[in-house]
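Peer 1: the sequence and its predicted three-dimensional model are supplied below.
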Amino acid sequence: MADRVLVIGSGGREHALAWKLAQSPHVKQVFVAPGNAGTADNGKISNSAVLVSNHTIVTQFCKDHNIGLVLVGQEALLAAGIVDDLRAAGVRCFGPSAKAAQLASNTSFAKAFLDRHGIPTARWKAFTNPQEACRFIISTDFPARVVRARGPAARKEVTIAASKEEACRAVQEIMQDRMFGEMVVIEELLQGEELSCLCFTDGVTVASMPPAQAHKRLLDGDQGPNTGGMGAYCPVPQVPEVLLEKINDAILQHVVDSMRQEGAAYVGVLQTGLMLTKDGVKILNFKCQFGDPQCQVILPLLKNDFYEVIQATIDGKLCSFMPAWSENSTAVCVVMASPGYPGDYDKGMEVTGLLQAKELGLQVFHAGTTLKDGRVVTSGGRVLSITAVKEDLMKALGEANRGVAAIRFKGATYRKDIGHRGIRLLKQSLYVSKGTSRNRCQSKALGTRSGSHSEIRGFAGFFDLKASGYDDPILVSQTKGLGSKLQVAQACKRHDTIGQDLVAVCVNDILAQGAEPLFFLTYFACGKLDVDVTQTIKEGIAEACRNAGCAFLGREMAEVTGMYSSGEYDLAGFVVGAVERGQMLLGLQGADEEDVFIGLASSAIHGRGFSIIRKILLMSSLHYSSPAPGSCGDKTLGDILLTPAKPYSPSLLPVLRSGHVKAFAFIAEEGLLEGISRVLPEHVSAVLDALSWKIPEIFCWLYKEGNLSEEEMAWTFNCGIGAVLVVQKELAQHVLKDVQRHEEAWLIGEVVAPCHTGSHIKVKNLLEALQLSSPQHLLNNAVVESQHQPRRNKVKVAVLISGTGTNLAALISYAKEPGSCAQVVLVISNKSGVEELRNAARAGIPTRVIDHKLYGSRSEFDSTIDQVLEEFAVELICLSGFMRILSSPFLRKWKGKILNASPSLFPAIKGGNVRQQSLQTGFKVTGCTVHFVLEESCPKAVIHQEPVSVKADDTEETLSERVKEAECRAFPIALQLVASGAVQLGADGKTRWKQEGQSLCLQGEKSDCASSPVMLEPQENDVV
């Protein structure tokens, strides 16, 4: 008899699970809760609205619908014990127990487990005190730059810091500044090749799956922020069979055996994130279910009946039913995401082309989608996963990219290089030595041949242009040196950034033609070879090639006795890129009057400016090891001067190839004026406004210390602009928004009619801008400083309601404002069918009904709410007409994170009708108060108050209406204050202000800021 199956979750993983289960003849119907547009009425598959966070309700649903098997996709539910509860109620469920699921849900447990059993992992330590954590980060002799948050309100993402200082800032943000998380785990940052190895296990037997490699970064070339995963491919061709056997025996089987020995037998799917380091294979993390998007490339390769494999696993009979996998097939999955992901993103954008992708023979797994009026629209960050299965990796990637090209929704973000690491490294297989897996010289970019770092002779490099996916390419090449900057590096004995600089200046120059960098080579000459110096430079080049998305084919080194002094060397780079015929930028012929310049922030000083800098330092009291001027922390002047340029190709190539950009120039050897002139025809001029962009402090110091003129500054230095784009005025805001997703950028000027007198290019307000960037001015002008502070991610907010008459509409409207620091991600009601739930749904906000009548106690009701809040990673709670009294444990857990509005000015009148009493007693002023919710009401926990005058002709109804209007004004202001970090609750239950004197950002404002509250001292018989 065929079974009904319930899959819990709403992502691409859950769609893939349901898709594979539906292929089984043993399965009659697959419910997906809550599901998405792809799982809604799709053959055997349909969605269910069952409240999955409530295990009792899920159990009853399974019994009511004769569910024979439950698969749980969401790890938070596994950690919460849903498998234990369902099995206890007699419902067959696939997945680990809550105790076993701690491998994924509890980082410190997993790390301690690995240490106990001698399984290699990154060095680590857990902390509950931020100061101790920072001392550990700074004092370790290894890069302790991975920060994981733990606690009831902890965000799930992991911070991978670029420096130890950034790691310390992440700790402060998590534990102190924003009170996210009760604990942090600090880990060593491992280097190497990362892959995912999964297995089915019944607690004894381990059945390995083919290895997969996910791409976590948002953009091509592994650039941009970390995400949940932008694509994956399976199997990983560069990992030999002998290494996979070692992983199966020494890691997967070892973990399963050790869990069983500790009394927590692991049954289900176990995913390990592994790093293939120079010291061997090390475990990064665990997942207690298929990863997403790994699931979307692994399940299509499973030859067995998925349902039968699951049943054998549950029954402990996996040894007699080992799964088989397609041996001559490769799967590639490309994820399409909403614009703005992984930050804030829009919803409700129509998705088209799904039928065309299906006709190509592709499988499209839905994630952040929903149905609206019969149309598929976006509803999440990661929207779709397009999976292709072909006989080899290159063909699979090509087919997946064809599917992506067929599908359309506004601002779709995706990568085109999924699997390219495997393609480029097919001939650079990993090798095993002395029982330890070792990784190739470089990841993403090919290293030089074995031993080349110590050999001084020529080499030959090979590059397969066809494998790069071009149809009709034109090759573009460039060669560069670093000039005087190289001498500064040698004087500072700093060689780690020089290689990065060289790659960036070469790559950015060919980007001016719209070319993508393909491969890079270098030439190094010195008087006497210093292996440590050359190795440091080589590592910098390899890292930059990875960041730029190009292969490092090799280098030539020459030891020329008598030509160079001790410690001196010369370095040159050569890059080759490609652009499709017809996609080259127009260059000088492109700019016309009224076109607009978009300037990208520069990360460094480079080019001819270093000749001037060296002269300035000869006359200055400072030297390279002196503390850097201004607010640069503990960096030296040499550190600031040697900051490398960044390659713009990963973030700008999609913009340049969109057809909206007329010209691009990298401001490299020349200064700002000459750089602009490279994209400016002779028949027009340009006007730039220096007040429109941020000029780094170092330029102000150079201007003053060198006694330079404005014109000298503009001709010599880039003044904070690393590159410029020329676009049509009508497209400027659209292109700027695209660029700002990945780079700091501004509208800095426009193309104007030719100027027949004076300079071809005019920079207005440069002196004023330099003065504004000076350290002294920044210290004395908080308003200017706030304009340069980076925008922080919006805080996730849940609103709890009980019906109508709430301020929900005001909160939703506020959250959509550009300056808002909060995002409403969830609305919970204890009553079903209320209008406010429909209003939230129309605004694209998820809703949940948790009926208090279904629970035996207040604590059980609150516990269910708490589980749903954690499911949505909620950070703040707003009570908007919520008519239930919250329990003390709930209030303690969320202390300082619950806001409520009261219809009076504190101290409030206890009991009775406040408006009625204010009229009867002759009060002149009433109003409302937004405050933190505590176990005991405290007038010191006020966030914001809004006064309302009591008029002589007021009735109870008119006064009540005006107080409600005041609440709608006050609540968003209070939420902004807390979400921005300007206000928080102190340990003593009193409101604490972190910033003073800034104005609140609401409608029409662009910067993040906060305001002081309206605080009235209550006088007897005056206010209520």
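Peer 2: Ah, there it is.
Peer 1: C-alpha only now, for contacts and for neighbours.
Peer 2: Noted.
Peer 1: and Glu14, that one's in a helix?
Peer 2: Yes. Applying DSSP: H, G, I helix; E, B strand; the rest coil, one finds Glu14 inside a helix.
Peer 1: not counting sequence-adjacent ones, nearest residue to Leu195?
Peer 2: Gln213 (4.6 Å; Cα to Cα, 6 or more residues apart in numbering).
Peer 1: residues near the one you found, how many?
Peer 2: Neighbourhood size, Gln213 [other Cα atoms under 10 Å]: 26.
Peer 1: with the one 10 residues further on instead?
Peer 2: Summarising burial for Gln223: neighbours were counted as other Cα under 10 Å, giving 20.
Peer 1: again, but for Lys111
Peer 2: Neighbours of Lys111 using other Cα under 10 Å come to 24.
Peer 1: the bottom helix or strand of the chain by mean pLDDT?
Peer 2: Using mean pLDDT, DSSP states H and E, strand 436-438 stands out as the lowest-scoring helix or strand of the chain, at a mean of 27.
Peer 1: after that strand, which helix or strand is next?
Peer 2: Sequence-wise, the next helix or strand downstream of strand 436-438 (DSSP states H and E) is strand 473-481.
Peer 1: neighbouring strands - and their directions - for that following strand?
Peer 2: Paired strands of strand 473-481, with direction, are strand 569-580 (antiparallel) (DSSP bridges).
Peer 1: how far does the strand it pairs with sit from its chain's centre?
Peer 2: Offset of strand 569-580 from its chain centre (Cα atoms, centre = their mean, to the nearest Å): 30 Å.
Peer 1: give me the residues contacting it.
Peer 2: By Cα atoms under 8 Å, 6 or more residues apart in numbering, the residues outside strand 569-580 that reach it are 470-482, 486, 502-503, 506-507, 510, 513-527.
Peer 1: at 6 Å instead, please
Peer 2: Strand 569-580 is contacted from outside by 472-481, 515-526, using Cα atoms under 6 Å, 6 or more residues apart in numbering.
Peer 1: before we move on, back to that, quick one: contacts of the host helix or strand of the residue nearest to Leu195?
Peer 2: Using DSSP H and E, Gln213 sits within strand 213-214. Strand 213-214 has contacts (Cα under 6 Å, 6+ apart) with 195-196, 231-233.
Peer 1: nearest to Val655, out of those: which one, please.
Peer 2: Gly231 (20.7 Å; Cα to Cα).
Peer 1: so the closest one bridges to which residues?
Peer 2: Where Gly231 sits in a bridge, its partners, by DSSP bridges, are Val334.
Peer 1: so how many other residues sit close to it?
Peer 2: Neighbours of Gly231 (other Cα under 10 Å): 30.
Peer 1: please renumber so the chain begins at 529
Peer 2: OK, 529 is where the count begins now, so the last one is Gly759.
Peer 1: how far off centre is the longest helix anywhere in the chain?
Peer 2: Using DSSP state H to define each element, the chain has its longest helix at helix 1484-1507. In terms of Cα atoms, centre = their mean, the centre of helix 1484-1507 is found 34 Å from the chain centre.
Peer 1: mind listing the helices for the stretch 1079-1228 of the chain?
Peer 2: 1137-1147, 1165-1169, 1177-1184, 1200-1205, 1225-1233 (DSSP state H, counting those that start in this stretch).
Peer 1: lowest mean pLDDT across the ones you listed, which one is that?
Peer 2: Note on the helices of the stretch 1079-1228 of the chain: helix 1137-1147 shows the lowest mean pLDDT, a mean of 72.
Peer 1: could you list the buried residues of that one?
Peer 2: Along helix 1137-1147, these residues count as buried under the neighbour rule (16 or more other Cα atoms under 10 Å): 1137-1139, 1141-1142, 1144.
Peer 1: now do that helix: everything it contacts.
Peer 2: Here helix 1137-1147 makes contact (Cα under 6 Å, 6+ apart) with 1012-1013, 1234, 1244-1245.
Peer 1: by how many degrees do it and helix 1225-1233 diverge?
Peer 2: 50 degrees (axes from the mean of the first three to the mean of the last three Cα atoms, to 10 degrees).
Peer 1: CA atoms only: put helix 1137-1147 into CSV for me.
Peer 2: Extracted in CSV, the C-alpha atoms of helix 1137-1147 (Å, rounded to 0.1, in the frame of the first residue of the first chain):
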residue,chain,number,x,y,z
GLY,A,1137,51.5,59.4,-6.2
PHE,A,1138,54.2,57.3,-4.5
SER,A,1139,57.0,59.4,-6.0
ILE,A,1140,55.4,62.5,-4.3
ILE,A,1141,54.8,60.5,-1.1
ARG,A,1142,58.4,59.5,-0.8
LYS,A,1143,59.4,63.2,-1.1
ILE,A,1144,56.9,64.3,1.5
LEU,A,1145,58.2,61.7,4.0
LEU,A,1146,61.7,63.0,3.5
MET,A,1147,60.6,66.4,4.8
